[in-house]
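Trainee: Build me a model:
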Amino acid sequence: MQNTPKFTTENIETMVTTGAGFDILRYFTLPELLGEDAEHILYIMGRNIARHTDIHSPEDIVHFVQYFGWGELTEMKASKKERTFSLSGHVIEKRLSQDVLDINMKLEAGFLAECFTRLEDELFECREETDKKNQRILLTIYHL
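Mentor: Numbering: from 1, shown residues only. A predicted model of the protein is given here:
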């Protein structure tokens with residue numbers, strides 16, 4: 001069995017993305033291959049990525065989300081039961097403005113849920129909401 005990689009702030013900065021190729025794989029090829037389970041599997045994939053990521057603080061999460069090319073993550077509000085984040089930026093605006101692919105943020109939602117599960121040692125899940133008016137995605141984590 002191969003050693004699984006541990007993603008750190010240093011090694012992710014050396015990785016590059018191929019632009020539209022990533023979106024075609026994520027929003028076209030994977031759903032075509034995985035069928036109706038695609039969104040659920042993407043969510044689990046996000047959680048799995050978080051398990052292999054060196055996260056020690058919410059600031060680390062923001063850094064990783066940016067370097068993964070997923071957008072700019074900003075905490076908007078927090079309560080005892082929930083925390084809501086805005087995912088925005090150029091990449092989100094581009095994804096929301098196109099009408100070719102069915103867009104979701106299940107990968108990011110799974111990643112965020114697992115990061116907070118690990119940081120706070122409690123089980124979190126995450127729901128997503130598209131805010132087209134403000135060109136952003138709202139990600140809300142909550143305790144189970």
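Trainee: can you map out the strands along this protein?
Mentor: All strands of the chain, identified by DSSP state E, fall at 72-78, 82-88, 124-131, 136-143.
Trainee: Quick check: buried residues in the second one?
Mentor: Of all the residues in strand 82-88, those buried under the rule 16 or more other C-beta atoms under 10 Å are 83-88. From N, CA and C alone the C-beta is placed, and that goes for glycine too.
Trainee: Could I get the contacting residues of the spatially most central residue of the chain?
Mentor: Nearest to the geometric centre of the chain sits Glu108, at 1.3 Å (C-alpha atoms, centre = their mean). Applying C-beta atoms under 8 Å, 6 or more residues apart in numbering, we find Glu108 in contact with 46, 65, 70-71, 87, 128, 137, 139.
Trainee: cutoff 7 Å now
Mentor: Neighbouring residues of Glu108 by C-beta atoms under 7 Å, 6 or more residues apart in numbering: 46, 65, 70, 87, 139.
Trainee: again with Asn104
Mentor: 39, 128.
Trainee: beta partners of Phe85?
Mentor: Glu75, Leu139 (DSSP bridges).
Trainee: What distance do you get for it to Pro58?
Mentor: Distance, Phe85 to Pro58, by C-beta to C-beta, to the nearest Å: 9 Å.
Trainee: do Arg95 as well
Mentor: Using C-beta to C-beta, Arg95 is found at 24 Å from Pro58.
Trainee: between these two, who's got more neighbours?
Mentor: Between Arg95 and Pro58, Arg95 has the larger neighbour count (other C-beta atoms under 10 Å), namely 19 against 15.
Trainee: Quick check: chain neighbours aside, which residue is closest to that one?
Mentor: In this structure, Arg95 finds its nearest non-sequential neighbour in Ile103, 4.9 Å apart by C-beta to C-beta, 6 or more residues apart in numbering.
Trainee: Contact partners for the one you found?
Mentor: Neighbour list for Ile103: 27, 95-96 [criterion: C-beta under 7 Å, 6+ apart].
Trainee: Make a markdown table out of these and add pLDDT and distance to Phe7.
Mentor: Formatted as a markdown table, the contacts of Ile103 follow (pLDDT from 0 to 100; distance: C-beta to C-beta, whole Å):
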| residue | pLDDT | distance to Phe7 |
| --- | --- | --- |
| Tyr27 | 86 | 22 |
| Arg95 | 90 | 23 |
| Leu96 | 92 | 27 |
